[in-house]
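[1] Task: produce atomic coordinates for the following.
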Amino acid sequence: MGLRAVLWDMDGTLVDSEKLWDIAMHALYARMGAVLTPEVRESTVGGSSETVMRIVYDDLGLEPDPAAMAESADWLHDYTGELFEQGLPWQPGAQEMLDGLTAAGVPMALVTNTRRDLAERALNSIGRHYFSVTVCGDEVPSGKPAPDPYLRAAHLLGVPAEHCLAVEDSVTGTASAEAAGCPVLVVPNDVEVPVGARRRHVETLGALDVSDLRTIHAELAEDRDVRSA
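    Prediction:
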């Protein structure tokens, strides 16, 4: 059956929003009287709201009080949302690929660890018309790196996960897509993603078109079949 759907991560993959998250994370630390280190920031990339707050509170040696962590998460998302509304810059080739897949009639889903309220603000900039379904981190039992977000997206599209190509930029997101059974196209942004048998790395989407995505999916599916034979 080949490629039947494309499942997109948002932050760092479609739009260069990780730099805006950098600003928001530094602001959160300043609000809490601390300084965010590059190592801790890297560990939060691609994480769900709950995961990020656990990392922050552990880093700062704070009691993991659920109410305090929820308040911090709300503040972070409100701050980031204001940055999003100033405009989200596209990653190279991302919008062109969305347009190409739309013209080719390939269904797409947005699969993000970002909470629904913030994802909606981002979709105002990206364009919600591209996606048949959207799945957010607060709508599944467990966010990335668990497989739940990608499994839900494939289910909502009515397409088996192995016939979807996930496009990701982070270690967390790639692990989630692979655990769900999706071949993965990795377009690294700020964090290096290790190589793997069910993933293909490219430097940018700008050099690819829809036929390239079909070829990448077919090659990854063939590699899986050879290993399982």
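[2] Enumerate the positions of stretch 93-110 that are buried.
    With burial defined by 16 or more other Cβ atoms under 10 Å, the residues of stretch 93-110 counted as buried are 93-95, 97-98, 100-102, 106-110. The way it works is simple: take the backbone N, C-alpha and C, and place the C-beta from them, glycine included.
[3] contacting residues around it?
    3-8, 10, 13-15, 119, 123, 126-127, 130-135, 153-154, 156-157, 159, 204-210, 213 (Cβ atoms under 8 Å, 6 or more residues apart in numbering).
[4] Quote the end-to-end distance of it.
    With Cα to Cα, to the nearest Å as the measure, the ends of stretch 93-110 fall 17 Å from one another.
[5] show me where the chain has strands.
    Secondary structure of the chain (DSSP state E): strands located at 5-8, 108-111, 133-135, 164-168, 184-186, 199-201.
[6] among the contacts of stretch 93-110, which ones are buried?
    Applying 16+ other Cβ under 10 Å to the contacts of stretch 93-110 flags 3-8, 10, 13-15, 119, 123, 126, 130-135, 153-154, 157, 159, 205, 208, 210, 213 as buried.
[7] do you know how far Leu208 is from Gly127?
    The gap separating Leu208 from Gly127 is 20 Å, by Cβ to Cβ, to the nearest Å.
[8] how about the nearest residue to Leu110, chain neighbours excluded?
    Nearest in space to Leu110, with sequence neighbours left out and distances taken as Cβ to Cβ, 6 or more residues apart in numbering, is Thr134 at 4.3 Å.
[9] Also Leu28?
    Spatially, and ignoring its direct neighbours in sequence, Leu28 is nearest to Leu76 (5.1 Å; Cβ to Cβ, 6+ apart).
[10] what about the one you found, how many neighbours?
    Neighbourhood size, Leu76 [other Cβ atoms under 10 Å]: 21.
[11] Any buried residues in the lowest-mean-pLDDT helix or strand in the chain, and which?
    One helix or strand of the chain scores below all others by mean pLDDT, DSSP states H and E: helix 210-228, with a mean of 85. By neighbour count on 16+ other Cβ under 10 Å, the buried set for helix 210-228 is Val210, Leu213, Ile216, His217, Leu220, Ala221.
[12] if we take these, which one ends up nearest to Pro188?
    Ile216 (15.4 Å; Cβ to Cβ).
[13] what about that closest one, distance to His77?
    In this view, Ile216 and His77 are 33 Å apart by Cβ to Cβ.
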